[in-house]
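Chemist: Have a look at this prediction, sequence included:
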Amino acid sequence: MPRFIVSRLGKMALILVGIIILNFVLIHAAPGDPASVMAGEAGDADAAFLQQLRERFGLDKPLPIQLLTYLSNVLRLDFGYSYRQGMPVIDLITDRLPATLLLSGSAFLISLVLGVAAGALAASRQGKVSDSVISTLALLFYATPLFWLALMAVLLFSVQLGWFPGFGYESVGSGYGGLERAADILHHLVLPALTLGLFFMAVYARMTRASVLEVSRLDFVRTARAKGLRPRVVLVRHILRNAILPVVTLAGLQAGQLVGGAVLIETVFAWPGIGRLMFEALEQRDYNLLLGIFVVSAAMVLAFNLITDILYRLVDPRIGAAA
């Protein structure tokens, strides 16, 4: 296992460098630059003023020099300075990252637990009403646009029923502390986490159902049933343990997508995470901030994939380390 992890970390480092280079080139290939935007907002588009801004931001240097400088800074965890926000990029990201991790992690757990449970229940009742209901709801949640689902959740549960807050991370000016503040944040978390998790829950439910039905037809399952084991024991100990493998693989791949999906959810629910920060940086052409968010997001996706590989080996020791 240690050799496997070290090998994966080496590959992850190479992939991350490639992602940084690609994002850097693509962002700088886009029309416009921060100097033009800031000069326009300042009401002074004079060529001399533009050149002064470009020299200040280092945009006057050749692109390869800018790239090498940025790579060397990233190795020291220096993502530059956000001149639009007036703060170092690393401070902005670390300030918003906990909110995104809380939202993405909660949505991931909700979708995985409920999805696997719903899929296993549907497979155990194949052809019955509960199977049809679960399959229909899974298809409905899978086909519904995420932004529409988020807006409807706000209108129903916040505006009409008043059960949950529709916007924000916590109550502004509440002065809560300790457990009261944690409960307030949890209250605000319910709607965005459930909305983000519903789509992925539908995917896991459909895959779990198909996988359970496939495994339940294998010989070792028939043997377990012939021994007189209870259906629940057969399902949990024999079927799910083998049927869960493709679900674990898919969950690991989609765990990184939760961060990307959080951009829309954070915007709708005014959740102060890095997804919303990335949207603001894109509008403001804040290159350093946008690149820093891309680097952190890519590192999170790679970390999720590594965790998935480790979990896969723990669930099924037959999986070899060579990859």
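Modeler: Here it is on my side, so go on.
Chemist: Below-threshold pLDDT in the stretch 51-200 of the chain: ranges please.
Modeler: Across the stretch 51-200 of the chain, the ranges flagged by pLDDT under 70 are 51-54, 56-60.
Chemist: let's see 80
Modeler: 51-63, 66, 83-86, 169-178 (pLDDT under 80).
Chemist: That one: strands as residue ranges?
Modeler: 81-82, 87-88 (DSSP state E, counting those that start in this stretch).
Chemist: just those: most buried one?
Modeler: Most buried of those, by mean neighbour count (mean count of other Cβ atoms under 10 Å): strand 81-82, with a mean of 20. Placement of C-beta: from N, CA and C, glycine included.
Chemist: Pairing partners for that strand, with directions?
Modeler: The strands beside strand 81-82 in its sheet (DSSP bridges) come out as strand 87-88 (antiparallel).
Chemist: coming back round to it: want to try TSV for the strands of the stretch 51-200 of the chain, with distance to A107 as columns?
Modeler: Formatted as TSV, the strands of the stretch 51-200 of the chain follow (distance: least, Cβ to Cβ, whole Å):
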stretch	distance to A107
strand 81-82	27
strand 87-88	28
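Chemist: Of all the ones you listed, which one is nearest I134?
Modeler: strand 81-82 (46.3 Å; Cβ to Cβ).
Chemist: Show residues contacting the closest one.
Modeler: Contacts to strand 81-82, defined as Cβ atoms under 8 Å, 6 or more residues apart in numbering, come from residues M87, P88, V89, L92, A281, D286, N288, L289.
Chemist: From the residues you listed, list just the buried residues.
Modeler: Those of the contacts of strand 81-82 that meet the buried threshold are P88, V89, L92, A281, D286, N288, L289, by 16 or more other Cβ atoms under 10 Å.
Chemist: For L139, give me its contacts.
Modeler: Contacts of L139 (Cβ under 8 Å, 6+ apart): A202, R206.
Chemist: L16 now?
Modeler: Neighbouring residues of L16 by Cβ under 8 Å, 6+ apart: V295, A298, A299, L302.
Chemist: got it, and F220?
Modeler: H238.
Chemist: Am I right that I239 falls within a strand?
Modeler: No: judged by DSSP: H, G, I helix; E, B strand; the rest coil, I239 forms no part of a strand; its state is helix.
Chemist: give me the number of residues near it?
Modeler: Neighbours of I239 under the rule other Cβ atoms under 10 Å: 25.
Chemist: quick revisit: let's have the buried ones among the contacts of strand 81-82 in TSV, adding distance to L156.
Modeler: TSV is the format used below for those (distance: Cβ to Cβ, whole Å):
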residue	distance to L156
P88	41
V89	38
L92	34
A281	32
D286	35
N288	40
L289	35
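Chemist: Identify the farthest-apart pair in these.
Modeler: Comparing all pairs in the buried ones among the contacts of strand 81-82 by Cβ to Cβ, the longest separation belongs to P88 and A281, at 13.8 Å.
Chemist: still on that earlier bit, which ones among the contacts of L16 are found in helices?
Modeler: With DSSP state H as the criterion, helices contain V295, A298, A299, L302 from among these.
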